[in-house]
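Asker: Any chance you could fold what I've pasted below:
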Amino acid sequence: MQRISVIGAGAWGTALAAVACKAGRDVTLWAREPEVVDAVNTAHENTVFLPGAALDPAIRATGDLTEAINADAVLLVVPSQFLRGICREAAPAWKPGVPAVICSKGIEQGTGALMTEAVSEALPGVLFAVLSGPSFAIEVVNDLPTGVTLACKNENQGRRLRDALGNPTFRPYLSDDPVGAELGGAVKNVLAIGCGIVEGRKLGDNARATLITRGLVEIARLGAALGAKPETFMGLSGLGDLVLTCNAMQSRNFSLGVALGQDKTLDDILGTRTSVAEGVFTASSVAAVAERHGVEMPICHAVDQVLNHGADLDETIRTLLSRPFREEFPGSAGLLGT
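Answerer: Alright, predicted model coming up:
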């Protein structure tokens with residue numbers, strides 16, 4: 001796997017291009033925006049989405065999708081709601097045997113499809129893996145130590161991808177649970193908005209710790225309904241990503257929640273940003289999938305009500321705090337306790 005292509009030149013895609021380059025691979029970075037292509041190729045910096053981070057001149061950017069996917073492995077790092085469309089666009093030129101590494105975190109609106117489902121439908125027969133975990137782009141591109149989950153059903157292919165991308169400071173840990181890995185990465189964005197609201201409303205560190213912990217239970221409940229392994233949610237793509245995203249203003253979702261908690265409107269917040277806060281789009285999808293499977297997810301439901309249904313913030317908080325007292329782990333349910 002010498003030739004690695006990264007589809008999507010946002011902050012995370014750019015950081016992953018830097019990772020692959022450091023691992024000694026020949027890297028092509030695809031961007032839809034001509035100004036990003038030009039900046040990466042001439043200034044060796046993504047001045048639009050990751051300004052101030054110097055890139056190796058060996059990283060080559062292109063706006064030609066067909067050219068970009070001519071590789072030994074392709075990392076898909078576009079916003080989740082556009083992933084299916086990009087894969088359909090790439091499908092005619094996708095070479096047999098080339099794996100797709102899904103790095104987008106979200107659940108598709110309308111269909112409720114996981115990213116693995118969207119990719120499988122748009123690229124029939126393509127072997128895929130999921131890369132997820134606690135990983136701020138700027139820290140990755142600055143070569144700070146980072147651990148991630150690399151989940152692939154095919155163990156041999158997973159090892160090949162790990163060896164192609166891993167280096168001493170970017171450490172992929174193998175898993176055979178793509179569904180669990182992607183669920184952790186998707187739902188934590190919704191919970192991060194909730195934690196941001198807690199911060200913005202000055203409800204305290206105790207409240208945030210409670211929300212993180214009970215949010216992890218919600219992720220595990222949904223994972224059980226969709227066939228994921230419970231232990232996945234105790235790993236990097238579950239607890240690890242949740243803790244990081246719910247505790248730092250670097251997180252686009254957390255910072256958006258903080259602004260909501262300070263009574264700013266969603267339209268005003270989004271109007272000042274060039275980057276995507278995936279939790280805004282995933283909240284409605286999580287709520288719909290949970291309802292479809294009969295899974296109780298009160299925190300995610302509350303965030304969806306605030307974001308998408310005009311619910312009053314203070315009343316929504318009061319409703320959550322008025323829920324009946326319960327056992328933390330009823331019977332032998334363990335992490336899946338209600």
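Asker: And the strands in the stretch 101-250 of the chain?
Answerer: Taking DSSP state E, counting those that start in this stretch, the strands of the stretch 101-250 of the chain run over residues 128-132, 146-151, 170-175.
Asker: for those strands, which one ends up most surrounded?
Answerer: Among the strands of the stretch 101-250 of the chain, judged by mean count of other CB atoms under 10 Å, the one packed with the most neighbours on average is strand 128-132 (a mean of 28). (Each C-beta comes from the backbone N, C-alpha and C, glycine too.)
Asker: got a list of what G106 touches?
Answerer: Listed by CB atoms under 8 Å, 6 or more residues apart in numbering, the contact set of G106 reads P79, S80, Q81, L83, M115, A186, N189, E278, F281, T282, S285.
Asker: what do you get if the cut-off is 7 Å, keeping everything else the same?
Answerer: With CB atoms under 7 Å, 6 or more residues apart in numbering as the criterion, the residues that contact G106 are S80, Q81, M115, A186, E278, F281, T282.
Asker: and E35, how many neighbours does it have?
Answerer: Other residues lying near E35 total 11 when counted by other CB atoms under 10 Å.
Asker: Okay, and it sits in which element?
Answerer: helix 34-42 (DSSP states H and E).
Asker: what does that helix contact?
Answerer: By CB under 7 Å, 6+ apart, helix 34-42 touches 9, 29, 31, 45-49, 55, 59-63.
Asker: now the helices: where do they sit in the stretch 201-338 of the chain?
Answerer: Using DSSP state H, counting those that start in this stretch, the helices of the stretch 201-338 of the chain run over 205-225, 241-245, 252-261, 266-271, 278-292, 298-308, 313-321.
Asker: Of all the ones you listed, which one is nearest A100?
Answerer: Ranking those by proximity to A100 (CB to CB) places helix 278-292 first, at 18.7 Å.
Asker: average pLDDT across the closest one?
Answerer: Helix 278-292 shows a mean pLDDT of 96.
Asker: domain parsing for this protein?
Answerer: If you go by automatic domain parsing, the domain ranges for the chain are 3-176, 179-336.
Asker: By mean pLDDT, show me the worst of those.
Answerer: domain 179-336 (a mean of 94).
Asker: Just give me how far that one sits from the chain centre.
Answerer: 13 Å (CA atoms, centre = their mean, to the nearest Å).
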